[in-house]
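[1] no sequence for this one, just the structure:
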């Protein structure tokens, strides 16, 4: 049994910490939101009075935070209290440069570290079916993998420091572009009098098939797991997709990579979020596209 500190007990972190408890680990958590702390406590997570208090004596520290600046601030705060030789794992989705800076902070303390953002959303966090994309040296990954495996179904070592974040933003750029393409196809099908089910039955079994279609189909009916069946209540919110697409665009600018479809996807999700739909599921972009089509018809 490993003693694990878990900082960030929100919609993703809370269930992830709970799964570590279920796996037999001793977990001491902290979050700035009292409600998140209480929810985690109900799942067996011991709650510390501060982030520094949570990490004291921990063999491993897991963070799940909103952005790079939060990760760097929290790691800067807790590292003086972390035992040298402890493992630090950041599961947040942040920019590659911030991830590399976090690795450097850990190394200065004599700690191994891994950036391990996740794919799978809140459903995957609760069911322990997440995919982890990990970056860090082989020794760090070797220590992190058994912990991550208790919270997910697949753990992939993507390379050195920052590689996990690079894989995450590339993957989610594909997802965002795919959902827009799928949504455009369903909008066109509606205009042509083709039923949702007919298009799904064809596309899901032929060259148009992809994970976004078969798991998150943007119209009600064909796919039981689709947020469209529940008024686009988010499994993966549009604001989170927008965050990932913007991270991808920032990385593309720095790397000198041409990503015109990624740029267009970021622009469309920006407009969708600005229209008051930031908290809706990312598949709800179909409704924005329907509105645009109606306005220009």
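    Sure thing, it's come through. No experiment lies behind these values; they were computed from the predicted model shown.
[2] Determine how far the longest strand belonging to the chain lies from the middle of the whole chain.
    The residue-count maximum for a strand in the chain (DSSP state E) belongs to strand 152-159. With CA atoms, centre = their mean, to the nearest Å as the basis, strand 152-159 stands 14 Å off its chain's centre.
[3] Which strands or helices does it pack on?
    Contacting strand 152-159 under the criterion 3 or more CB pairs under 8 Å, 6 or more residues apart in numbering; DSSP states H and E are the following elements: strand 130-135, helix 138-149, helix 163-191. To be clear about C-beta, it is placed using only N, CA and C from the backbone, and glycine gets the same treatment.
[4] Would you indicate which residues of the last one are buried?
    Applying a neighbour-count criterion of 16 or more other CB atoms under 10 Å, one finds 163-180, 182-183, 185-187, 189-190 buried in helix 163-191.
[5] circling back: average the pLDDT values over the longest strand of the chain and round to the nearest integer.
    Confidence for strand 152-159, expressed as mean pLDDT, is 98.
[6] partner strands of that strand, parallel or antiparallel?
    Strand 152-159 sits in its sheet next to strand 130-135 (parallel), going by DSSP bridges.
[7] now the angle from the strand it pairs with to helix 163-191?
    With axes from the mean of the first three to the mean of the last three CA atoms, to 10 degrees as the criterion, the two stretches strand 130-135 and helix 163-191 enclose an angle of 140 degrees.
[8] what does stretch 168-184 contact?
    If you take CB atoms under 8 Å, 6 or more residues apart in numbering as the criterion, stretch 168-184 is touched by 93, 96, 117-119, 133, 203, 210-213, 216-218, 241, 244-245, 247-248, 251, 259, 261-262, 264-266, 268-269, 282-283, 285-286, 289.
[9] residue ranges with poor pLDDT in this protein?
    Of all residues in the chain, those with pLDDT under 70 make up the ranges 292-297.
[10] domains of it?
    Annotated domains of the chain cover 3-161, 166-296 [automatic domain parsing].
[11] what about the longest one, how long is it end to end?
    The stretch domain 3-161 measures 24 Å between its terminal residues, going by CA to CA, to the nearest Å.
[12] how far out from the middle of the chain is it?
    Using CA atoms, centre = their mean, we find the averaged C-alpha position of domain 3-161 to lie 13 Å away from the chain's own average C-alpha position.
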